[in-house]
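# pasting the sequence and the predicted model now:
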Amino acid sequence: MGKVLVLDHPLIQHKVSILRDKNTGTNEFRRLVSEVSLLMAYEAMRDLELEDYALETPMEPATGKRLRGKKLCIVPVLRAGLGMVDSFLNIVPTAKVGHIGLYRDPETHLPVEYYLKLPQDVSNRDVFVLDPMLATGGSLVATIDHLKKAGCKKVTSVNIIAAPEGVEAVQEAHPDVDIIVAAMDRALNENAYILPGLGDAGDRLFGTK
């Protein structure tokens with residue numbers, strides 16, 4: 001079973017609380033999403049393998065550590081996931097970036113795909129799916145479905161806020177996927193929005209509402 005990790009670092013919790021505030025404007029919201037994502041990226045990549053190699057310091061020969069040839073791919077779920085991408089690329093600038101576009105049908109609340117573009121060698125890469133909100137889990141399950149069809153074997157989901165219903169749905173459909181979140185909220189409302197949540201992350205990121 002994949003792990004579910006709720007990050008309780010004080011800096012993350014402080015910044016998430018400001019994200020929740022309805023009075024937080026677009027510019028500050030965008031900046032905070034980036035900052036929280038940067039902090040989450042460190043934890044998301046904690047299990048990357050290292051290898052030793054010889055190097056020379058200004059003083060003497062030494063043994064250094066480097067990533068063991070690990071190829072990474074970042075896949076933001078459009079459009080809100082775009083707000084998290086740069087933070088991950090700041091940490092691993094050699095990672096490739098795929099994109100998946102999904103929208104939630106207002107009647108059925110089910111995900112509808114409208115765009116999918118992945119690196120040709122994505123099957124050889126560890127994939128980090130980025131989406132600020134994990135609500136029903138429908139979009140994330142659909143995203144992981146596509147990634148596994150493309151041959152991906154190691155997928156990790158990174159979400160700022162999650163609802164228990166969404167986490168349960170993902171674990172049922174893809175029990176091998178790790179889920180890393182900054183906050184686990186109470187529940188979904190009748191419109192499948194997270195409570196207390198922070199509203200529509202895409203609208204707040206891009207100032208479209």
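Nice, thanks for sending it over. Residues are numbered from 1 along each chain as shown.
# can I get stretch 139-159 as PDB, trimmed to CA atoms?
What follows is stretch 139-159, C-alpha atoms only, in PDB (Å, rounded to 0.1, in the frame of the first residue of the first chain):
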ATOM      1  CA  SER A 139      -9.000  13.500 -11.800                       C
ATOM      2  CA  LEU A 140      -6.000  12.000 -10.000                       C
ATOM      3  CA  VAL A 141      -7.200   8.400 -10.700                       C
ATOM      4  CA  ALA A 142      -7.700   9.300 -14.400                       C
ATOM      5  CA  THR A 143      -4.200  10.800 -14.500                       C
ATOM      6  CA  ILE A 144      -2.600   7.800 -13.000                       C
ATOM      7  CA  ASP A 145      -4.600   5.500 -15.300                       C
ATOM      8  CA  HIS A 146      -3.000   7.400 -18.300                       C
ATOM      9  CA  LEU A 147       0.500   7.300 -16.800                       C
ATOM     10  CA  LYS A 148       0.300   3.500 -16.100                       C
ATOM     11  CA  LYS A 149      -1.000   2.900 -19.700                       C
ATOM     12  CA  ALA A 150       2.200   4.800 -20.800                       C
ATOM     13  CA  GLY A 151       4.300   2.300 -18.800                       C
ATOM     14  CA  CYS A 152       5.000   4.400 -15.700                       C
ATOM     15  CA  LYS A 153       5.900   2.200 -12.700                       C
ATOM     16  CA  LYS A 154       6.600   4.800  -9.900                       C
ATOM     17  CA  VAL A 155       4.000   7.600  -9.400                       C
ATOM     18  CA  THR A 156       3.800  10.000  -6.500                       C
ATOM     19  CA  SER A 157       1.000  12.500  -6.100                       C
ATOM     20  CA  VAL A 158       1.700  15.900  -4.400                       C
ATOM     21  CA  ASN A 159      -1.300  17.900  -3.300                       C
END
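# distance from that stretch to the middle of the chain?
Mean-position distance between stretch 139-159 and its chain equals 11 Å (C-alpha atoms, centre = their mean, to the nearest Å).
# list the buried residues of it.
Going by neighbour count (16 or more other C-beta atoms under 10 Å), the buried part of stretch 139-159 is 139-144, 146-148, 152, 155-159. (C-beta placed from N, C-alpha, C; glycine too.)
# check stretch 41-56 too.
Result for stretch 41-56 [16+ other C-beta under 10 Å]: buried residues 41, 44-45.
# same question for stretch 85-97.
In stretch 85-97, counting by 16+ other C-beta under 10 Å, buried: 85, 87-89, 92, 95-97.
# got the contact list for the longest helix along the chain?
Ranked by residue count and defined by DSSP state H, the top helix of the chain is helix 26-44. Applying C-beta atoms under 8 Å, 6 or more residues apart in numbering, the external contacts of helix 26-44 come out as 5, 7, 9, 11-12, 15-16, 18-19, 24, 83-84, 86-88, 90-92, 128, 130, 132, 156, 158, 160, 180, 182, 201, 204-207.
# next step: the residues you listed restricted to helices.
11-12, 15-16, 18-19, 83-84, 86-88, 90-91, 201, 204-206.
# stretch 169-181 spans what distance, first to last residue?
15 Å (C-alpha to C-alpha, to the nearest Å).
# any idea of the mean pLDDT in it?
Mean pLDDT, stretch 169-181: 96.
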